[in-house]
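Student: A predicted structure for the sequence below; I have some questions about it.
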Amino acid sequence: MVDEPTEPDELVVLKLGGSVITNKDSPETVDDEALNSVLDAVAAAFRNDGARLVVVHGGGSFGHVHAAEHGVSTTEGTADAAAANAIHSAMKRLNGVVVDRLQQREVAALPVHPLSVAARDEGGTLSLPATATEGLLDEGFVPVLHGDVIAHAGEGVTVLSGDEIVTSLAESLGASRVGLCSTVPGVLDADDTVIETISSFSDVESVLGGSESTDVSGGMAAKVRELLDLGAPAQIFGPNAVVAFLQGENPGTLIDGQ
Ligand SMILES: Nc1ncnc2c1ncn2[C@@H]1O[C@H](COP(=O)(O)OP(=O)(O)OP(=O)(O)O)[C@@H](O)[C@H]1O
Ligand SMILES: C=C(C)CCOP(=O)(O)O
């Protein structure tokens with residue numbers, strides 16, 4: 001008798017919004033209460049069901065402040081190495097805090113820095129090899145990636161947003177669940193009610209804006225556009241819904257472009 005092949009463990013990609021985990025009013029300040037609360041939720045869920053988990057985080061008052069100062073965005077680059085390093089170093093500082101605090105919660109978190117592995121071609125198409133992330137997952141670690149600057153042909157470096165990392169890795173690693181934790185409980189309509197499902201950009205374009213905070217990567221409009229291109233459904237939800245998402249519920253807004 002032939003054994004049934006074992007189902008590979010479910011892979012979850014979770015993005016922690018930079019606006020959630022940092023204090024947007026003050027450069028390079030972690031929002032301790034918010035970060036600790038979402039990391040408690042991650043640690044509890046991770047230890048309970050042992051899912052394969054990739055964490056990605058955004059820039060908030062770390063990356064965005066430096067990127068704005070140097071005029072760098074996802075399309076406008078810089079060839080100034082000091083400017084590029086200022087943005088990258090700020091993101092590594094935030095990443096260090098996230099990784100340390102996950103380890104303090106007994107989550108086997110390790111950093112993966114996109115600058116060292118990813119690049120864009122002249123047309124802006126992203127190449128983000130998932131080898132390191134997949135290798136870490138296979139060894140039982142929780143890779144923690146972050147928005148960064150990366151080489152961009154003809155531009156020097158440009159910003160790679162955490163949302164782009166999420167969609168790229170979710171595709172290449174075949175994620176079964178994708179979640180973006182933002183400051184808002186979901187995508188809001190004109191009456192500030194959470195929209196349950198979005199399946200087309202044009203349906204919601206009129207209510208989608210940028211970000212309330214300094215943000216060089218496009219805020220909510222860019223987020224929805226990215227997720228609609230993804231081959232898997234994704235949820236956008238607020239900080240209080242991290243546990244529900246990791247437990248398999250569908251809080252906030254479902255973005256499903258398929
Ligand atoms: N229709 C909308 N519904 C909800 N939020 C919206 C909408 N339009 C614009 N926004 C803004 O989008 C923000 C979320 O995008 P933002 O880029 O700040 O998210 P983030 O992922 O938490 O942070 P970061 O980009 O730093 O990682 C909200 O705080 C809100 O200000
Ligand atoms: C500004 C930088 C370097 C990171 C941007 O990542 P995001 O906050 O996910 O858009």
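Tutor: Sure thing, it's come through. Computed from a predicted structure; not experimentally measured. Numbering: from 1, shown residues only. Ligands and ions are numbered 1, 2, ... in the order given.

Student: Pull out the buried positions in stretch 250-258.
Tutor: Residues of stretch 250-258 classed as buried: Asn250, Pro251, Gly252, Thr253, Leu254, Ile255, Asp256, Gly257 (neighbour count, 16 or more other CB atoms under 10 Å). (Each C-beta comes from the backbone N, C-alpha and C, glycine too.)

Student: List phi and psi for Ile195.
Tutor: With angles defined as degrees, to the nearest 10, Ile195 sits at phi -80, psi 130.

Student: which residues touch it?
Tutor: By CB atoms under 8 Å, 6 or more residues apart in numbering, the residues touching Ile195 are Gly186, Val187, Leu188, Asp189, Val204, Val207, Thr253.

Student: Which two of the buried residues of stretch 250-258 have the greatest separation?
Tutor: Greatest spacing in the buried residues of stretch 250-258, by CB to CB: Pro251 and Gly257 (19.2 Å).

Student: Next, see if the helix or strand hosting Ala68 gets close to ligand 1.
Tutor: Using DSSP states H and E, Ala68 maps to helix 60-69. Yes: contact of helix 60-69 with ligand 1 (CB under 6 Å from any ligand atom) involves Gly60, His64.

Student: can you tell if that helix touches ligand 2?
Tutor: Yes: judged by CB under 6 Å from any ligand atom, helix 60-69 comes into contact with ligand 2 at Gly63, His64, Ala67.

Student: How many residues are close by the first one?
Tutor: Here the neighbour count serves as a burial measure; for Gly63 (other CB atoms under 10 Å) it reads 37.

Student: and what of the last one?
Tutor: Other residues near Ala67 number 29, with proximity taken as other CB under 10 Å.

Student: do you know how far it is from ligand 1?
Tutor: Separation of Ala67 from ligand 1 (CB to the nearest ligand atom, to the nearest Å): 11 Å.

Student: May I ask you to confirm that that residue is in contact with Gly59?
Tutor: Yes: if you go by CB atoms under 8 Å, Ala67 and Gly59 touch, sitting 7.1 Å apart.
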